[in-house]
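> please find the sequence and the predicted model below.
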Amino acid sequence: MTTAATPHHHRPENDWATEHHVYEPHIVGLPPLGPYVRELWRRRSFAFELSRTKLRAQHFNTVFGQLWLVLNPLFLAGVYFVLVDILRGGSSREGFFTHLVACIFAYHLVSDAVRTGTRSVVSGGRLILNSAFPRVLLPFASVISATKKFLPTMFVYIPFHLASGRPIGPELLWVIPLIAIMIVLAAGLAMIVGALQVYFRDLKNIIPYALRLGLYVSPILYFADEMPSEYKWLLNANPLGQLLSAWSDVLIVGSSPTATQLGVGCAWAFGLFLAGFLFFVSREREFAVRL
Amino acid sequence: MSSLSGSDGNSILVHDVSVTYKTSLERKPTFKSTLKRLGRRERVVREVEALKHVTFQVPRGRVIGVIGANGAGKSTLMRTIAGILPPTSGKVEIYGRVSTLLALGVGFNKDLTGRDNVRLGGLAAGLDRAVLADKYEDIVAFAELGEFMDMPMRTYSSGMYGRLAFSVAVNMDPDILIIDEALSVGDARFRRKSANKMKQLCSEDRTVVLVTHALQTVRDLCDQAIWLDHGVMQMWDEPEAVVDAYTQFLEVGQDALTLEDV
């Protein structure tokens, strides 16, 4: 049983002349995943192009646009530093500001993907009504945009790292897998909220509160080991908890992530990605009649 | 080009296809309205049986017309053939590349330029960049939109919008072209131009599915016709016979209104 597109290509890419599609009912709402993923891969350039076009439309390709992308989380870090330092009576631990900058940048990667991912499907409107393509490309485009906005901020982080005398060593290479895991997590969340937004159009009003809460319960405004023992469970219950804790350890302390940090972080990221993907794909047939 | 058609020369095979979907009666479903409804036994999700056991085949290179009243399931049938809405039961087989009119999602994002919309729509439809760049010039030339191509689509009039959509669909050089009631777009001159283009496309070796209310078009252009009513296929025959039966059914006779051409 196959459904979505099952093209039999004689040449690998886009040989439209020799196409054969069979459309059949979905089993438990899911299209056959093999062909789906193949189509997804074949049309990946759409997601990249959509992200590029939207960033350009928002003028993020200009110098001042880029500058704003960096300044916004930086100002935020400044504001939170003042707040937290006052609350603590001016006794912030060494390297706290650098930790704050690094973690806010990382949190922005995920929150931005979720925020734009929420609208990704609904704003696809006519494209969804009139074209057959793997809809997952829409939230993926949001994740690509968020990643593109995030990467320059890592360069902005470097002077803070150096100025505060944070350790430099091979442990820093852990940032690469950690970013990758956070992108997977962001994609999972973006698919979930993107599909839910179709059914609950006021979700986009609730998302900012959820993201604000996520910011406060993650070890961003404090170090993970400063969390009071009755709140320690939040580190595991929050998808980003252990990941950001590892992120801070790698950058600020200069130590490799622990097995717990990586294990729990990956479990959340890949679990949410799989759940989000299956949920999204099982609902996507309906998108064309729900928009 | 060997697999352009099935073993029996058909390019579209629709076998016992039914399509049922749930749709919300609310224009914009929200948590708020869901919460308010809690406790009240109010149904806001309606199940629509858009197509019921429809079976037909279209041989390669033929033009088939689909007629029927509003809500007869014509658009659903088109979406099923295009692979946008998979059938609830039955099977659809397509040999060749499908291009739907108003497809390729032209104008899906009104804040983007016409150029961006055409490019993104093409990529979503699976064209690669090189092919798309090739077709782009033809599309712009046919639509006659000039510098409007680089302006956001919210600045377009509905006529310009339709012209671009028509131009995208017909210039994609598809094996199977699906056209849904969009023949009459733009001003009189563009309508004549698009009607001529349609005639040309229909006379080429190309399968065309034409959904229209203009019965004269069905007579002029189609090799066969289908009449749908409430999701059931009433007739599948020569266009003359189907149009006659349909007009008789409507009990309006063949007056100028229903025969009005593109």
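That came through, no problem. Numbers count the residues shown, from 1 in each chain, chains lettered A, B, ... in the order given.
> show me where pLDDT drops low in the stretch 151-262 of chain B?
Counting by pLDDT under 70, the stretch 151-262 of chain B shows low-confidence ranges at B:181-185, B:252-262.
> can you pull the residues of it lying near chain A?
Within reach of chain A by Cβ under 8 Å from any Cβ of the partner chain, the stretch 151-262 of chain B has these residues: B:174-175. C-beta here means a position set from N, CA and C on the backbone, and glycine is covered the same way.
> which parts of the stretch 151-262 of chain B are strands?
With DSSP state E, counting those that start in this stretch applied, the stretch 151-262 of chain B shows strands at B:176-180, B:207-211, B:224-229, B:232-237, listed in chain order.
> by how many degrees do the third one and strand B:207-211 diverge?
Put plainly, it is strand B:224-229. Strand B:224-229 runs at 30 degrees relative to strand B:207-211, counting by axes from the mean of the first three to the mean of the last three Cα atoms, to 10 degrees.
> what angle sits between strand B:224-229 and strand B:232-237?
Going by the same axes, to 10 degrees, strand B:224-229 is angled at 160 degrees with respect to strand B:232-237.
> isn't A:Ala190 up against A:Val114?
Yes: under the criterion of Cβ atoms under 8 Å, A:Ala190 makes contact with A:Val114 at 5.9 Å.
> A:Arg44: neighbouring residues, count only.
A:Arg44 is flanked by 15 other residues according to other Cβ atoms under 10 Å in any protein chain shown.
> between A:Ala190 and A:Val114, which is the more surrounded one?
In this comparison of A:Ala190 against A:Val114, neighbours counted by other Cβ under 10 Å, the higher total goes to A:Ala190 at 32 against 26.
> what segments of chain B are helices?
B:31-37, B:74-82, B:114-124, B:129-143, B:158-171, B:188-203, B:215-221, B:239-250, B:256-259 (DSSP state H).
> is the first one anywhere near chain A?
Yes: applying Cβ under 8 Å from any Cβ, one finds helix B:31-37 in contact with chain A at B:31-32, B:34.
> let's have these in CSV, adding neighbour count and pLDDT.
Rendered in CSV, the data for the residues of helix B:31-37 next to chain A read as follows (neighbours: other Cβ atoms under 10 Å in any protein chain shown; pLDDT from 0 to 100):
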residue, neighbour count, pLDDT
B:Phe31, 15, 83
B:Lys32, 12, 81
B:Thr34, 14, 79
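> adding mean neighbour count, write the strands of the stretch 151-262 of chain B out as CSV.
Formatted as CSV, the strands of the stretch 151-262 of chain B follow (neighbours: other Cβ atoms under 10 Å in any protein chain shown):
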stretch, mean neighbour count
strand B:176-180, 25
strand B:207-211, 25
strand B:224-229, 23
strand B:232-237, 18
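> skipping adjacent residues, who's closest to A:Phe97 in space?
For A:Phe97, the nearest residue in space outside its immediate sequence neighbours is A:Phe81; the separation is 5.4 Å by Cβ to Cβ, 6 or more residues apart in numbering or on different chains.
> quick one: the one you found and A:Leu100 touch, right?
Yes: applying Cβ under 8 Å, one finds A:Phe81 in contact with A:Leu100, separated by 5.7 Å.
> neighbour count for those two, which is higher?
Comparing A:Phe81 with A:Leu100 by other Cβ under 10 Å, the one with more neighbours is A:Leu100, at 24 against 17.
> leaving out chain neighbours, which residue sits closest to the more buried one?
Nearest in space to A:Leu100, with sequence neighbours left out and distances taken as Cβ to Cβ, 6+ apart, is A:Ala77 at 5.0 Å.
> same question, B:Leu228
Using Cβ to Cβ, 6+ apart and skipping the chain neighbours, the partner closest in space to B:Leu228 is B:Gly68 (3.8 Å).
> then B:Leu13?
Here the nearest residue to B:Leu13 in space, its sequence neighbours aside, is B:Glu93; by Cβ to Cβ, 6+ apart that works out to 4.1 Å.
> just the pLDDT for the one you found.
Model confidence at B:Glu93, expressed as pLDDT, equals 91.
> for B:Ser18, see how far away it is.
Look at B:Glu93 and B:Ser18: by Cβ to Cβ, to the nearest Å, they are 16 Å apart.
> tell me where the model's unsure across the stretch 151-291 of chain A.
Flagging of the stretch 151-291 of chain A using pLDDT under 70 yields an empty set of residue ranges.
> make it 90
Applying pLDDT under 90 to the predicted model, the residue ranges of the stretch 151-291 of chain A that meet it are A:152, A:284-291.
> quick one: residues contacting the residue of it found nearest chain B.
Shortest the stretch 151-291 of chain A-to-chain B distance, computed as Cβ to the nearest Cβ: residue-wise this is A:Asp202, at 4.0 Å. Contact criterion Cβ atoms under 8 Å, 6 or more residues apart in numbering or on different chains gives B:30-32 as the residues in contact with A:Asp202.
> that one - nearest residue in space that isn't next to it in sequence?
Closest residue to A:Asp202 apart from its sequence neighbours, by Cβ to Cβ, 6+ apart: B:Thr30 at 4.0 Å.
> number of residues surrounding the one you found?
Counted by other Cβ under 10 Å, the residues lying close to B:Thr30 total 15.
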